[in-house]
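Trainee: Quick one, fold the following:
(4 chains)
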There are 4 protein chains.
Amino acid sequence: MKDNGQPVEVGVSQQKEVKVPKHKVWLRNEFVRVGLAESLCTYVMMVFGLGSVAQVVMGEGAFGQYLSINLGFAVGVAMGVHVGGTVSGAHMNAAVSFTMCTFGRLAWRMLPVYVFAQLLGSFLAAGTIFAVYYEAIYDYSGGNLTVTGVKATAGIFATYPAPYLSLFGGFIDQVFGTAMLLLCLMALSDQKNKPAAAGSEPLAVGLLVLLIGISLGSNSGYAINPTRDIAPRVFTAIAGWGADVFRSGNGWWWVPLVAPPIGGVFGAGLYKVFVEMHHQPLPEQGGGLAVDLGDESPPLEKQNNT
Amino acid sequence: MKDNGQPVEVGVSQQKEVKVPKHKVWLRNEFVRVGLAESLCTYVMMVFGLGSVAQVVMGEGAFGQYLSINLGFAVGVAMGVHVGGTVSGAHMNAAVSFTMCTFGRLAWRMLPVYVFAQLLGSFLAAGTIFAVYYEAIYDYSGGNLTVTGVKATAGIFATYPAPYLSLFGGFIDQVFGTAMLLLCLMALSDQKNKPAAAGSEPLAVGLLVLLIGISLGSNSGYAINPTRDIAPRVFTAIAGWGADVFRSGNGWWWVPLVAPPIGGVFGAGLYKVFVEMHHQPLPEQGGGLAVDLGDESPPLEKQNNT
Amino acid sequence: MKDNGQPVEVGVSQQKEVKVPKHKVWLRNEFVRVGLAESLCTYVMMVFGLGSVAQVVMGEGAFGQYLSINLGFAVGVAMGVHVGGTVSGAHMNAAVSFTMCTFGRLAWRMLPVYVFAQLLGSFLAAGTIFAVYYEAIYDYSGGNLTVTGVKATAGIFATYPAPYLSLFGGFIDQVFGTAMLLLCLMALSDQKNKPAAAGSEPLAVGLLVLLIGISLGSNSGYAINPTRDIAPRVFTAIAGWGADVFRSGNGWWWVPLVAPPIGGVFGAGLYKVFVEMHHQPLPEQGGGLAVDLGDESPPLEKQNNT
Amino acid sequence: MKDNGQPVEVGVSQQKEVKVPKHKVWLRNEFVRVGLAESLCTYVMMVFGLGSVAQVVMGEGAFGQYLSINLGFAVGVAMGVHVGGTVSGAHMNAAVSFTMCTFGRLAWRMLPVYVFAQLLGSFLAAGTIFAVYYEAIYDYSGGNLTVTGVKATAGIFATYPAPYLSLFGGFIDQVFGTAMLLLCLMALSDQKNKPAAAGSEPLAVGLLVLLIGISLGSNSGYAINPTRDIAPRVFTAIAGWGADVFRSGNGWWWVPLVAPPIGGVFGAGLYKVFVEMHHQPLPEQGGGLAVDLGDESPPLEKQNNT
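Mentor: Below you'll find the predicted structure:
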């Protein structure tokens, strides 16, 4: 960090603003630059994720099983991290962006840019998968686009809870799944502990998402992401599945919106309290007290990878 | 790049031609050198890919499922990248070569060498898998080599569309699948963003191919590659499956030839427009305007890995 | 090692104690620091591991198969290594801690801290998974929490032997499984051989756990870990499954407590005798006799990763 | 290589012998050192590999499927490479050792040491798996140890051909499978091309073995390794399966002995002819003719990893 002098922070870096005159044109350009990257990486993740669900749902065993969906979202997230990369940080998840803002790793004024870009990418991905699998969906469902039933296809796009799950149980499920996501993301980016090796961050984040799908997915499909869930849900409401996508599961739709940001802050805080707060100062910095230097390190990627 | 002075470009590098006298003998040798490597890596990828399909089709569940095919092509591509490596760049796919030419990363005069080498490797791989699984194929099919039906074996070698798929739908499917391939390949090789770590490119490209198979494969078997598809198809036409390999699927055979190059250019362009165009100049290069420096970096491999 | 001068040992390092005055407050803080990290990483591993079993047991094929459990514990361990990291070394397993103490890589006085922290993390993880899957468990079992039978759910939390397995056979199974774990862990951390690459230790340890599950798991569920097994077993005894969790399998519960520490020391010793003892001194250290320098290198992580 | 001056060659390095006086005691010690490491790594690979087959064969779907076996041998090989590492090079396969001798990367006088060590490790692993799964085997087979039939268990230990396979077809299968193994191993260790990244060799070799199992395993179980196959076969002949293990499959047992060394040399030669022979000299070495420098680089591992 010292020999470089210019840490590339996720989102808009304060350091850059000092160097480049902060006139509105530049700022708008920065919004556009970050927003485009965040849109594209969310699009990439969602195309691969929703595509894998489509194959499993309609293939009925011939084109993969539940593990394929876990892999689809996992490697999809990894590719998204490569695409968004150091430009936007590739959050692809409003709960991640919200947590980063809460802990001072992203400026609050960037939050709307991230959320809008994620919604846009997610919506377009839903549309793309609908187009690519249009003939498959009509062949499978007989043209009857339903949210429930044996030939239901709404689950390709948004998440729906298991029949036994109450809204309260689902809320806990979503809070906890997102807490585990952010807890581990904090560890993967903690340069004073055992972070993901430089360059392997996309794979490490992908493995984390694989893991959540394998272990915390059966209750409600592990949305753990407001922008991932709501945009395709709105798309399906428009594209022919109708208002059932909001009514189904006792009005499930708001749970993946509200619970993940709460869980994200909770999980990241847990890591801070249990581990990060207790880091000792580095040896070469003298023998002072352990202080929390965590918010100096940008999330998910190293600073010197250019 | 600067301290080295000799970037090893994929294909024939202009820099080398300046140093080495450009007489015809040398150029022919370069063609042979690159062509042999491209043939061998395509052969390796195809042997492993087709072999995995053969096991799944004829094993009927006892020797892997759809995921095995995804893994076969994915890790097969990774091994191909190791084999072709820095000699040819290991495109193994005419759509990749065509896109590289379009964006100035490969000299157009090298394109025929790449395409011919890929066709040769792919054809020989089909012949090898036919030989290795000759007894298995005759045992499974009763000696009746067919393109359709319960004991069809033509799908081991070339791709065929699902019954519900129209030629138009299949064309979109192939354009889009290849677009996602090239979009992500551009990100994996973008040194100003979050590229695949030095040395991990083969694995990263393999994961990308796994992902496309898991999420975009059920419509038509994700050829996303003209040379991968046509050479084994011609082989099967000769080896006993007959003209049905061209008639089947409403004359499907030309779709994986025509759609992927279009999709490749589209996907790579998308990445350029959304991300690469907006890269800011590196700090040490002064505060100029963001310019597209993408075509200075060779695709898929780092320059300083020797 | 030489240019650094301050190897960061797992647990409390002797070197640090020389520098920092060894008053009781500091030591208690160190206990807390290490204990919190060890608790959290064990919690993370167990939540993901038990969660993956829950999905497979209650999903009946729809949410993963046996391989998902192998992946759940494998990647769960990898994430745990990231979380505990260089603070506690992320043993997450009393057999690992015991073996490290036996071979002088961890101070014996730290053992109770590790064991207590692991028990705490493991117990809390069992409680969390019970809470998250509370409705699922009651829906699946009809509220009848049993250890045996078609709808048995105790196996989500602790391990139980196969019907054919004797206590003696199970004891051998657990000794051997843990021996293979520690044998390979020694190799993965042997800096004079071919250790896991710097930064890839979490993945390498995860692959090792995957491997043990794939090849040595069917006899008794590969506990290979006292603290992983007993804490959730006690939890289930309290939470409604009753004393059957101790009676089942002919009183199986003590085997995963006693066998793994024995196996761990045996396996690590095997590696030392077959490989580590015979390492030649490094070239720059002159041509002396081969000596065992193994206990100078900390287990599981490199020394210069900060 | 230059700044180090002491390349650590696989097996016995000529360089060392110059420095250390070549008296018989040292040489015998070197034999023991290399032999012990090669035994242990072969043992590790085989325990994990055979264990994975045992679980799949006797679990009948409940403890993994064919892919688990592919993963068991793949990650088992990776762990073996960590264990044998830079001491023996971790061939674990007489066909690999034979090919290394043929191409001058291993001294011929070391070949018997490697073969004996591999046979020993492989035999002991078969015995261990028999002991660990003794009760499982007797429960599954009713104590009737057979080579063929629905409850056959000999296939846990050695390979047997599919019913349709002729000896000639199987011979081709084993030659070709081993050729692909060595072809890719040559690429993975070719420092002038795109080798496996330093430290990731174990994973890369494991992925290669996974790939061969996924694509070239259904004909005869991909032994591609004489020492892997014959030692467990002899063990089963002694342990109760009797002479059928040699009679079965038309006297199949000699094919995995004879074919792999032929295939190994063929495959490695193919890589040399197609790629390695055409490598241009490194830029800093002046513009001479392309020469084959391949045998200067040790197989499978980097030279500067200590």
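Trainee: got the residues of the stretch 101-250 of chain A near chain C?
Mentor: A:162-166, A:169, A:172-173, A:176, A:180, A:183-184, A:187-188, A:190-198, A:200, A:204, A:207-208, A:210-212, A:214-219 (CB under 8 Å from any CB of the partner chain). Backbone N, C-alpha and C define where each C-beta goes, glycine included.
Trainee: List buried members of those by neighbour count.
Mentor: Neighbour counting by 16 or more other CB atoms under 10 Å in any protein chain shown classes A:162, A:165, A:169, A:172-173, A:176, A:180, A:183-184, A:187-188, A:190-198, A:200, A:204, A:207-208, A:210-212, A:214-219 among these as buried.
Trainee: thinking again about what came up before, near chain B, which of the residues of the stretch 101-250 of chain A next to chain C show up?
Mentor: A:A197, A:A198, A:S200.
Trainee: which element is the second one on?
Mentor: A:A198 belongs to no helix or strand when assigned by DSSP states H and E.
Trainee: from what I can see it touches B:G199, true?
Mentor: No: applying CB atoms under 8 Å, one finds A:A198 not in contact with B:G199, separated by 12.0 Å.
Trainee: Quick check: which ranges of chain A have low pLDDT?
Mentor: Residue ranges of chain A with pLDDT under 70: A:1-24, A:26-27, A:281-306.
Trainee: can you pull out the helices in it?
Mentor: All helices of chain A, identified by DSSP state H, fall at A:14-19, A:24-59, A:66-88, A:94-102, A:111-132, A:134-141, A:167-188, A:201-216, A:226-236, A:244-251, A:255-274.
Trainee: need the ones you listed in CSV with distance to chain D, can you?
Mentor: Listed next are the helices of chain A as CSV, based on distance: least, CB to the nearest CB, whole Å:
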stretch, distance to chain D
helix A:14-19, 32
helix A:24-59, 17
helix A:66-88, 10
helix A:94-102, 29
helix A:111-132, 27
helix A:134-141, 26
helix A:167-188, 19
helix A:201-216, 11
helix A:226-236, 29
helix A:244-251, 32
helix A:255-274, 27
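Trainee: D:I238: which of the ones you listed is closest?
Mentor: helix A:66-88 (39.9 Å; CB to CB).
Trainee: Do any residues in that closest one lie close to chain B?
Mentor: Yes: using CB under 8 Å from any CB, helix A:66-88 reaches chain B at A:67-68, A:71-72, A:75-76, A:78-79, A:81-87.
Trainee: quick one: that helix to helix A:24-59, angle?
Mentor: Computed by axes from the mean of the first three to the mean of the last three CA atoms, to 10 degrees, the angle separating helix A:66-88 from helix A:24-59 equals 170 degrees.
Trainee: which other helices and strands contact helix A:66-88?
Mentor: helix A:24-59, helix A:201-216, helix B:66-88, helix B:167-188, helix B:201-216, helix C:66-88 (3 or more CB pairs under 8 Å, 6 or more residues apart in numbering or on different chains; DSSP states H and E).
Trainee: now the angle between helix B:201-216 and that helix, please.
Mentor: Using the same axes, to 10 degrees: helix A:66-88 against helix B:201-216 is 120 degrees.
Trainee: about what we covered before: by neighbour count, sort out the buried ones in the residues of helix A:66-88 next to chain B.
Mentor: Buried among the residues of helix A:66-88 next to chain B (16+ other CB under 10 Å): A:67-68, A:71-72, A:75-76, A:78-79, A:81-87.
Trainee: Looking at the residues you listed, which is nearest D:A154?
Mentor: A:L67 (30.8 Å).
Trainee: ok, so what distance separates that closest one from A:R228?
Mentor: Noted for A:L67: a distance of 20 Å to A:R228, by CB to CB, to the nearest Å.
Trainee: now A:I238
Mentor: For A:I238, the distance to A:R228 - CB to CB - is 17 Å.
Trainee: Pull the contacting residues for A:L207.
Mentor: A:A74, C:V75, C:A78, C:M79, C:L203 (CB atoms under 8 Å, 6 or more residues apart in numbering or on different chains).
Trainee: if I look at the spatially most central residue of chain A, how far off is chain C?
Mentor: In chain A, the centroid-proximal residue (CA atoms, centre = their mean) is A:N93; its distance is 3.1 Å. The gap separating A:N93 from chain C is 18 Å, by CB to the nearest CB, to the nearest Å.
Trainee: what's the burial count for the nearest residue to A:L111 once chain neighbours are set aside?
Mentor: Distances taken as CB to CB, 6 or more residues apart in numbering or on different chains place A:C101 nearest to A:L111, at 5.4 Å, with adjacent residues excluded. As a burial measure, A:C101 scores 19 neighbours (other CB atoms under 10 Å in any protein chain shown).
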